[in-house]
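Engineer: starting from these lines, generate the structure:
(2 chains)
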Amino acid sequence: MNRLIRAEFLKLVCTRLSYGLLAVSVGLTALWTTLEASRAGQPNGPASLSGYAGQTSIITGGVWGLILAAVLGVTISSGEFRHHTATFTYLAAPRRVRVLVAKTVVGAVGGAVFGLAGYAITLTEGLAFTAGHGYGLAVGAGTLTDWGLGHLVAGALLGAIGVVVGSLVRSQIAGVIGVFVWTIIIESLIGGLFTAVRRYLPYTAASALAGTPLGSASFGPGRGATGAVPLPFAAATALLAAIALAGAVIAARTTVGHDIT
Amino acid sequence: MTSFCPLVRRREHRTRRTLAGMTVIQIRGLVKRFGPVTAVDDLSFDVRAGTITGFLGPNGAGKTTTLRILLGLVTPDAGIASINGQPYRDLPEPSHEVGAVLEASSFHPGRTARAHLRIQAAAAQVDPSRIDDVLDLVGLTAAAGRRVGGFSLGMRQRLGLATALLADPEVLILDEPANGLDPEGVRWLRGLLHGFAAEGGTVLVSSHLLAEVAQTVEDVVILDHGRLIAQAPVAELTTGGAGLEDVFFKLTSEANR
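Structural biologist: Next up is the predicted model:
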């Protein structure tokens, strides 16, 4: 298994798309955070950076890192079919479930990097904007550390889920579009319309892990909507891990065994 | 005598233990359907150790499907395909037993040739020092740092062969390996396959280039519409002065009557 994980890791670092996605993630996160921090304290903007709520919404607002972590996962698995490299992969490792496991591990590692990179930017910008306005830090060091851990875990789990989605869908374009449609449109609609279930939605649960206030990470109708509390850390972790595992079992029993023609 | 070629040197220990004539590849009652189309229809044949066997047939005869079944990439509806007595998926170290070239387009265009081989070496647990050996063997040393997306078809075929030879396998399974190779490349490939077989390796190679096949292989397996229509040594089929091309067209036209 170690050799397959090593091979999958080499694929990740030898592919320009991985770095491109990281650059997109970092760029979008920096731009988004800058815009949000600039609007803090204004009408229809986030709360003022003078207090805990405003600082939280900026520092934990690195949602693009989490979304792009899932996109990375999709490309790790579906890229094999886009470029027909699955032939070489399965010739070297004909037991395909082992390949799926190795890809999931590497997707989780890559996703964790994306999550942490996003947090590094939001934390840096949040602290800079807060200090720039002359406000004191209202968030304790322990909380900041917890949020960092949350970004790492959330990125890792979304990266793993992305790998599973890519294995099920096989089409890279469909998988990537699916991630954006799910996180930006579907979860937003469901979250805005059915507040009781919103905390169980995967992207919402992942953003809760990262410390994001419920609604802050949403787009459209779900943005700012209240009426529920986020899942606790352990429950959100368990939910996302269960989704990844269930998806992996379904993929292993269906698409992973399909003919490579 | 010890060979100068690192690939051959590594295989010398194997030459002594290879039992000439032993069945290495066995196909029995193989059937594969894609919807209403029967691609492979009750196919059976053997490939002996230490031989180069040509796998011939018109387009759509079922050659590629058979090779993919043999390599565990396609699941048959019936029958058995085994290498050294085991299905490919059950081989403990498949890359060390079988090297394969299936399609020249199955490379990530953004990776360099060396990166591709590094990945394959990691997956097959092969010493990375072998990468330089196989790059040198297929004549791609100068292009090792170039992205595969910029490679010609012939260069991709050479990279495919380098991948197949990376783990120094006992068996080579090649699907149209001469596609895209220039005349010098075709001659080089012929020499490579002869050298491989001379060292005890076994080769199953599909090709449309009948004149080239006649110069390279000892045995042929001929398919049409997924069915076996002939398996024999080339020398036996061409007894009486008929060329392999004439024999091929005669057999395939008889099968279509």
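
Engineer: for the residue positioned nearest the centre of chain A, what are its contacts?
Structural biologist: For chain A, the residue lying nearest the average C-alpha position, counting by C-alpha atoms, centre = their mean, turns out to be A:L66 (2.2 Å). The contact partners of A:L66, by C-beta atoms under 8 Å, 6 or more residues apart in numbering or on different chains, come to A:F114, A:G115, A:G118, A:H151, A:A154, A:G155, A:L158, A:Y203, A:A206, A:S207, A:A210, A:A217. C-betas here are computed from N, CA, C, even on glycine.

Engineer: what about it, which SS state?
Structural biologist: Reducing the assignment to helix, strand or coil with DSSP: H, G, I helix; E, B strand; the rest coil, the entry for A:L66 is helix.

Engineer: ok, now how distant is B:V217 from A:A196?
Structural biologist: Counting by C-beta to C-beta, to the nearest Å, the gap between B:V217 and A:A196 amounts to 70 Å.

Engineer: ditto for B:R146
Structural biologist: Using C-beta to C-beta, we find B:R146 at a distance of 57 Å from A:A196.

Engineer: quick one, helices of chain B?
Structural biologist: All helices of chain B, identified by DSSP state H, fall at B:6-17, B:63-70, B:94-97, B:113-124, B:129-137, B:153-165, B:183-198, B:210-216, B:234-237, B:244-255.

Engineer: report pLDDT for residue 12.
Structural biologist: If you meant another chain, say so; for now it's chain A. A:L12 is assigned 95 on the pLDDT scale.

Engineer: should've been chain B
Structural biologist: Note on B:E12: pLDDT of 48.

Engineer: now do the one 3 residues further on
Structural biologist: We note a pLDDT of 49 for B:T15 in this prediction.

Engineer: now for A:T237: which residues touch it?
Structural biologist: Counting by C-beta under 8 Å, 6+ apart, A:T237 makes contact with A:V153, A:L157, A:L209.

Engineer: residue contacts, the first one?
Structural biologist: Residues in contact with A:V153, defined by C-beta under 8 Å, 6+ apart, are A:A112, A:G115, A:L209, A:T237.

Engineer: can you name the next helix or strand after the host helix or strand of A:S77?
Structural biologist: In the assignment (DSSP states H and E), A:S77 maps to helix A:63-82. Later in the chain than helix A:63-82, the nearest helix or strand by DSSP H and E is helix A:86-92.

Engineer: distance from that following helix to the middle of the chain?
Structural biologist: Averaging C-alpha positions (C-alpha atoms, centre = their mean, to the nearest Å) puts helix A:86-92 28 Å from its chain's average.

Engineer: hey, C-alpha coordinates of that helix in CSV?
Structural biologist: Backbone C-alpha positions of helix A:86-92 (Å, rounded to 0.1, in the frame of the first residue of the first chain) are rendered in CSV as follows:
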residue,chain,number,x,y,z
ALA,A,86,-5.9,4.5,-15.6
THR,A,87,-4.5,1.8,-18.0
PHE,A,88,-0.9,2.2,-16.6
THR,A,89,-2.2,2.7,-13.0
TYR,A,90,-4.2,-0.6,-13.1
LEU,A,91,-1.5,-2.5,-14.9
ALA,A,92,0.9,-1.7,-12.0
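
Engineer: which secondary structure elements does that helix contact?
Structural biologist: Applying 3 or more C-beta pairs under 8 Å, 6 or more residues apart in numbering or on different chains; DSSP states H and E, we find helix A:86-92 packed against helix A:96-132, helix B:94-97, helix B:113-124.

Engineer: returning to what we had before: chain center to the helix holding A:S77: distance?
Structural biologist: Centre-to-centre, helix A:63-82 and its host chain are 9 Å apart (C-alpha atoms, centre = their mean).

Engineer: just the CA coordinates of it, formatted as PDB?
Structural biologist: Extracted C-alpha coordinates of helix A:63-82, given in PDB (Å, rounded to 0.1, in the frame of the first residue of the first chain):
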ATOM      1  CA  VAL A  63     -14.100  28.800   2.200                       C
ATOM      2  CA  TRP A  64     -12.400  28.700  -1.200                       C
ATOM      3  CA  GLY A  65      -9.600  26.600   0.200                       C
ATOM      4  CA  LEU A  66     -12.200  24.000   1.300                       C
ATOM      5  CA  ILE A  67     -14.100  24.000  -2.000                       C
ATOM      6  CA  LEU A  68     -10.900  23.800  -4.000                       C
ATOM      7  CA  ALA A  69      -9.700  20.900  -1.700                       C
ATOM      8  CA  ALA A  70     -12.800  18.900  -3.000                       C
ATOM      9  CA  VAL A  71     -12.000  19.900  -6.600                       C
ATOM     10  CA  LEU A  72      -8.400  18.700  -6.100                       C
ATOM     11  CA  GLY A  73      -9.800  15.400  -4.900                       C
ATOM     12  CA  VAL A  74     -12.000  15.100  -8.000                       C
ATOM     13  CA  THR A  75      -9.100  15.700 -10.300                       C
ATOM     14  CA  ILE A  76      -6.900  13.100  -8.600                       C
ATOM     15  CA  SER A  77      -9.300  10.300  -9.400                       C
ATOM     16  CA  SER A  78     -11.100  11.500 -12.600                       C
ATOM     17  CA  GLY A  79      -7.900  12.700 -14.200                       C
ATOM     18  CA  GLU A  80      -6.900   9.100 -14.700                       C
ATOM     19  CA  PHE A  81      -9.900   8.700 -17.100                       C
ATOM     20  CA  ARG A  82      -9.500  12.100 -18.700                       C
END
